[in-house]
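> just a sequence and a predicted model for now, questions to come.
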Amino acid sequence: MKRRDSIKNIALTSIGFSVFLESCYNVSREKITRSLTRYEYGRTKEEKLYDDKLFDQKFFSNDELLSLDKICNLILPPNEYGSIRDAEVVQLIEFMAKDIPAYQEPLKNGLKWIDKESQIRFEKLFIDLSEENQKEIFDEIAYYDPNKNISDYSEEIQWFNLVRNLTMTGYFTSDVGIKELGYKGNTPNVWDGVPQDVLDQYGLSYEKEWIDKCIDQSKRDDVAVWDQDGNLIT
Amino acid sequence: MEIKENPKEYDVIIVGSGAGGGMATKILSEAGLSIALVEAGPYYDPANPEQMTQMKWPYESPRRGGSTTRPFGDFDQAYGGWDIEGEPYSQVGDTDFRWFRSRMLGGRTNHWGRISLRFGPNDFKKKSIDGLGEDWPISYDDIKPYYDKVDKLIGVFGTNENLPNDPDGFFLPPPKPRLHELFYTKAARKSNVKVIPSRLSVLTKRINKDRGVCFYCNQCARSCMAYADFSSGSVLIFPAQKSGGQIDMYVNSMVRTVTTNSEGKATGVSFINKEDEKEYKLNGKVVVLAASACSSARILLNSKSKQHPNGLGNSSDLVGKYLHDSTGGDMMAFIPELIDRKTYNEDGVGGMHVYSPWWLDNKNLDFARGYHIEVWGGLGAPSYGTGFNVNSFNKFFGLNKAGGYGNVLRSDMKKYYGSTIGLSGRGESIAQKTNYCEIDPKKVDKFGVPVLRFNYKWTENEIKQAKHMQDTFEEVIHNMNAIPMWNKPGKESNYGINKPGLIIHEVGTTRMGNDPKNSVVNQYEQLHDVPNVFVVDAGPFVSQADKNPTWTIMALAWRSSEYIIDQLKKQNI
């Protein structure tokens, strides 16, 4: 498929996703098309078709998406690095709910529960509560004992854990989250060992006998030649 | 059914383009032979931008590198997995053998761990040592010249250590250890576990002008665009084409059978073109199967004829028998000393920089055969799943509270990042006649080809070995002042031994030997029953060794290819 056709195709078949983007964040159709065509990372034809099929479906209602946006923002509030919106966390949750259908029921049930709980306590939907009241509800379901099995807890606590997990993974696999985490790789470089200050911090050092056998990075471009006993001579 | 036949007669038809098929393609084409290379998956080149996953960020995938479409995450370069739609396999009784297939040019070499270990002298003669299994019909001296040639052609880093059963070779210098690898080395030595630089087919140094040098992105599993790691396509097949080899490539072509004539000699192969789902036939003087141990066994067993009523090459009734995978046991630990660590680029090569070869003598142990230890950890790239249960490690500080929300999650995330280490034992199992794959008489795949059915049980030897792995991990983790992340698996779970097939080292289904009653191929991987059919994947392995199979697959395939050239010259086949 030609690139232009593929853009058209994705734009046509991804209405659900577009509606979501427009309704939540009021972005232009041009930006939507751009964001839909960025997933060019070496998928096979079959994988692309499968992903497009998922993009074509809409799982959460717009109200649910707005609730998720609020919940995820409270789980991980914006800071100087970025926000869950920059990290497109809610879009990821929408996608993963379709990609891993086992998420669907718990995710929807949790959203229903939190609105019901808000009605009982404060006679409003969750989204309309003050932040203070929202956090009051969170405090009931946000904690667990890590020595126990999470599946032994109530559905609400399990749901909150799932949303927290998706929020965290969504943020820390995003551009802004990776920067905040401090992951420095995925870039061409020449590895030449652990920095000296880090070795010092842990009281470690490289043994001479070991390090003498390691690559001399100044000779990495010299073509390898051995003597007949397997000793490298270049 | 109409069968479309290509009238051309090839010198050699090679089925499968992984380690064995790639090596056969290179050696046979360079001898001037005309080759048909038949691959069940699509064409693949790691340097093709449309197929490339290397250097992508997690957010470039809508599932952030999750594993819904590919079992090792959607940047991993294996098209397939343990389960492929429309291509099932079945099990006998409560067997749960897991069969990993990668359908693409280069096969599983595009994503493998690049751990490139020679078998040692003892590994070919284990029956003579401990009375179990069977000796190979060849010795280390027979294969050594080919290991040497493979080292020089492909490139492998490592060090000459003068160890008795982990032979030296022609190595490129290894990279320096990472921080967690220094922790491991110190802790392992306290328990007298030997640690040496690992041996991986990654170019830390230039080997020729056609391939690049490693730029340390840690992504060998995505196959290298600079051809700085070993993949069959980039290192064997493309260079063979470039140097003028007469190679016709048939991709998306699933071989169904080896065809034979009235004298029982092979005439070629029949295959299904996945694009039009029609059946085709290719003619060749010699057929070389390299479809992977189980796939090649399946093709042979499905190639029944009047002359070969039990399947091709199966007069011994041993095709599919003696299937064995490496044993596997794993443990992860949390290193409190590494919390809140300084971050820096610690990617390194796509795999460990240090490892432990088998260091003990089984004479003093209650099980046969050894295992090596692989090490993993460090400041890795985030991917789907990163940040799950972000502060569950609180329990290691005696806290009974985790979870929460707000900025504390950010600091917990950074606090625990890079603070874990993983240890994996990969060991030798003993080939059993009762562990096998066979044709399921009741089931066909979506192409109408009868599928495999597995029967596999670990024996006491493997289970005791898995226990020993866990005991070792426990000791080393303790030495590191680290805390195991889950309970030590006990007897009820067979000490955490992996399901067979999960280590993806399945071998032995067309085993090698001098006696046609007791083996399927001879020492040149030639079927005893049909002299113009060879098997150059891991099927001919008599025993597995505590090493990864790829280097031995290629050394043997090279040796067998030279034999094929010689036999064609002498008009013996």
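Alright, I've got the coordinates. Note that the structure is a prediction, hence the values are computed from the model and not measured.

> can you name the residue of chain A nearest chain B?
Distances between chain A and chain B by Cβ to the nearest Cβ are smallest at residue A:168, namely 3.0 Å. Every C-beta, even on glycine, is put in place using the N, C-alpha and C of the backbone.

> could you confirm that residue falls within a helix?
Yes. Assessed by DSSP: H, G, I helix; E, B strand; the rest coil, residue A:168 belongs to a helix.

> so what's it closest to, chain neighbours aside?
Excluding the flanking residues, the one nearest residue A:168 by Cβ to Cβ, 6 or more residues apart in numbering or on different chains is residue B:387, at 3.0 Å.

> can you pull the contacts of the one you found?
Shown in contact with residue B:387 (Cβ atoms under 8 Å, 6 or more residues apart in numbering or on different chains): A:165, A:168-169, A:171-173, B:413.

> residue A:183: which of those residues is nearest?
residue A:172 (8.7 Å; Cβ to Cβ).

> which non-adjacent residue is nearest that closest one?
Spatial nearest neighbour of residue A:172, excluding adjacent residues (Cβ to Cβ, 6+ apart): residue B:387 at 4.7 Å.

> and the pLDDT for that neighbour?
Predicted confidence (pLDDT) for residue B:387: 97.

> with residue A:231 instead?
96.

> contact partners for it?
residue B:160.

> for the contacts of residue B:387, pick the one with the most neighbours.
residue A:171 (31 neighbours; other Cβ atoms under 10 Å in any protein chain shown).

> show me the helices in the chain, by range?
You didn't say which chain, so I picked chain A. Under the criterion DSSP state H, helices of chain A are mapped to A:3-13, A:15-25, A:29-36, A:45-56, A:62-75, A:89-99, A:104-122, A:131-141, A:155-172, A:175-181, A:196-201, A:208-211.

> wrong one, I was asking about chain B
In chain B, the helices defined using DSSP H lie at B:19-30, B:126-130, B:140-154, B:179-190, B:232, B:238-242, B:293-302, B:407-416, B:460-479, B:550-569.

> just so I know, which of these lies nearest residue B:2?
It's helix B:293-302; of the helices of chain B, that one is closest to residue B:2 (Cβ to Cβ) at 19.9 Å.

> can you give me the angle the closest one makes with helix B:550-569?
40 degrees (axes from the mean of the first three to the mean of the last three Cα atoms, to 10 degrees).

> against which helices or strands is helix B:293-302 packed?
Here helix B:293-302 touches strand B:253-260, strand B:279-289, strand B:436-444, strand B:450-455, going by 3 or more Cβ pairs under 8 Å, 6 or more residues apart in numbering or on different chains; DSSP states H and E.

> adding mean pLDDT, write the ones you listed out as JSON lines.
Below are the helices and strands packed on helix B:293-302 laid out as JSON lines (pLDDT from 0 to 100):
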{"stretch": "strand B:253-260", "mean pLDDT": "98"}
{"stretch": "strand B:279-289", "mean pLDDT": "98"}
{"stretch": "strand B:436-444", "mean pLDDT": "98"}
{"stretch": "strand B:450-455", "mean pLDDT": "98"}
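
> quick one: which of those strands is nearest chain A?
Chain A lies closest to strand B:253-260 among the helices and strands packed on helix B:293-302, at 15.7 Å (Cβ to the nearest Cβ).

> do you know how far the closest residue to residue A:138 other than its chain neighbours is from residue A:119?
In this structure, residue A:138 finds its nearest non-sequential neighbour in residue B:405, 5.7 Å apart by Cβ to Cβ, 6+ apart. Distance from residue B:405 to residue A:119, counting by Cβ to Cβ, to the nearest Å: 22 Å.

> which one of these two has more residues nearby?
More neighbours surround residue B:405 than the other of residue B:405 and residue A:119, with 22 against 12 (other Cβ under 10 Å).

> now do the contacts for the closest residue to residue B:124 other than its chain neighbours.
Setting aside the residues directly before and after it, residue B:124 is nearest to residue B:136 in space (Cβ to Cβ, 6+ apart), at 4.2 Å. By Cβ under 8 Å, 6+ apart, the residues touching residue B:136 are B:124-125, B:512, B:542-543.

> report the separation between residue B:136 and chain A.
Distance, residue B:136 to chain A, using Cβ to the nearest Cβ, to the nearest Å: 24 Å.
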